[in-house]
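J.: Need a 3D model of the following:
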Amino acid sequence: MNLQPVIDALTASAAFGQVAAAPVSLGQPTVDTGKAIKTLLRDSFLGNFDPLTLGAEPTHPSMVYQLVSSGWLRLLGHAIVHTDQYVFYLRAEKYADLITVAHSVVTTIESSDYAIEVTDMLVDYDDQQKLYRCNMEIAFTQPVGNGALPAALVYPLGSDSAETAYDNCDDQLQTNRYAVVVLTTNNDLHPLVATATNALKGLQETPAHQPMQHQSGEPMETPGGLSMWHSVFFNRVIV
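T.: Numbering: from 1, shown residues only. Take a look at the predicted model:
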């Protein structure tokens, strides 16, 4: 199965930051999420902000962040997105200060250009340290490839052949199926899906191939503020 005509047609639509074949082998994600978080939030804590532990005698409000899980979402063995899960530990001497800085963190990360979202939050009081605290769970997700969004990722779903209708028992009608995954952080998922569908419907891979058709499409869940849509297309050829 040749993915290049599908990739070329989607690229020509000029709607995507990247169009690529979803790989089977896994490399390193493009963005160092720890460094990205440090850059996004450093102004909110005036230096009282570090991974794993604060320095001696920290002032507050303060924040410690910890990477708790990291992994790929794969579809039929093909890498689609990578998600790092963090826990943010915020501390403040006054409740009002804690709420202010927590709101600043949420606003900053969810309005960034990255696919980051708060997935859970807990607020309580530490009697021993005499500090108000807020623990946040964060999902930071990025697509495979160069990390650019919106993205269209393509991978083969396989092929099947109908029983021959010819006396020579050689020629069969083969159906090839392709998956296209559209990813975005904006409220433009459905227009992007429509663009991808219009780019591929009627695409003729070679003169021997029947024009490509759309078979199905559905949204899929993914963490990190990403919207994802999985579409299936197919074409047929005598083999």
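J.: For the longest helix belonging to the chain, which outside residues touch it?
T.: Ordering each helix of the chain by length in residues (DSSP state H) puts helix 95-110 first. With contact meaning CB atoms under 8 Å, 6 or more residues apart in numbering, helix 95-110 is reached by 37, 40-41, 44-45, 60-61, 63, 88, 90-92, 116-118, 121, 123, 132-134, 136, 138, 225. (Glycine included, C-beta is placed from N, CA and C.)
J.: Would you mind extracting the C-alpha trace of that helix into CSV?
T.: Output in CSV follows, covering the C-alpha atoms of helix 95-110 (Å, rounded to 0.1, in the frame of the first residue of the first chain):
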residue,chain,number,x,y,z
TYR,A,95,-5.9,30.7,50.9
ALA,A,96,-6.6,33.7,48.7
ASP,A,97,-3.0,33.6,47.4
LEU,A,98,-3.3,29.9,46.7
ILE,A,99,-6.4,30.4,44.6
THR,A,100,-4.9,33.3,42.7
VAL,A,101,-1.8,31.4,41.8
ALA,A,102,-3.7,28.2,40.9
HIS,A,103,-6.0,30.2,38.6
SER,A,104,-2.9,31.8,37.0
VAL,A,105,-1.4,28.3,36.4
VAL,A,106,-4.6,27.0,34.8
THR,A,107,-5.0,30.0,32.6
THR,A,108,-1.4,30.1,31.5
ILE,A,109,-1.1,26.4,30.5
GLU,A,110,-4.5,26.1,28.9
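J.: Can you list the buried residues in the next helix-or-strand element following it?
T.: Sequence order places strand 115-126 as the next helix or strand after helix 95-110, per DSSP states H and E. For strand 115-126, the buried set under the neighbour-count rule, 16 or more other CB atoms under 10 Å, comprises Ala115, Ile116, Glu117, Val118.
J.: Would you map the helices across the protein?
T.: Counting by DSSP H, the chain has helices at residues 4-12, 33-45, 95-110, 189-200.
J.: for those, which one sits closest to Val239?
T.: Nearest of the helices of the chain to Val239, taken as CB to CB: helix 4-12 at 16.8 Å.
J.: Now do the closest one: which elements does it pack against?
T.: strand 18-21, strand 151-161, strand 173-184, helix 189-200 (3 or more CB pairs under 8 Å, 6 or more residues apart in numbering; DSSP states H and E).
J.: Deepest in the core, which of the ones you listed is it.
T.: strand 173-184 (a mean of 21; mean count of other CB atoms under 10 Å).
J.: re earlier: between the longest helix of the chain and strand 115-126, how many degrees?
T.: 170 degrees (axes from the mean of the first three to the mean of the last three CA atoms, to 10 degrees).
J.: now the helices and strands packed on helix 4-12 as JSON lines including mean pLDDT and distance to Val81?
T.: Converted to JSON lines, these look like this (pLDDT from 0 to 100; distance: least, CB to CB, whole Å):
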{"stretch": "strand 18-21", "mean pLDDT": "95", "distance to Val81": "13"}
{"stretch": "strand 151-161", "mean pLDDT": "94", "distance to Val81": "9"}
{"stretch": "strand 173-184", "mean pLDDT": "96", "distance to Val81": "7"}
{"stretch": "helix 189-200", "mean pLDDT": "97", "distance to Val81": "14"}
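J.: now those as a markdown table including distance to Ile109?
T.: Shown next, in a markdown table, are these (distance: least, CB to CB, whole Å):
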| stretch | distance to Ile109 |
| --- | --- |
| strand 18-21 | 22 |
| strand 151-161 | 20 |
| strand 173-184 | 17 |
| helix 189-200 | 20 |
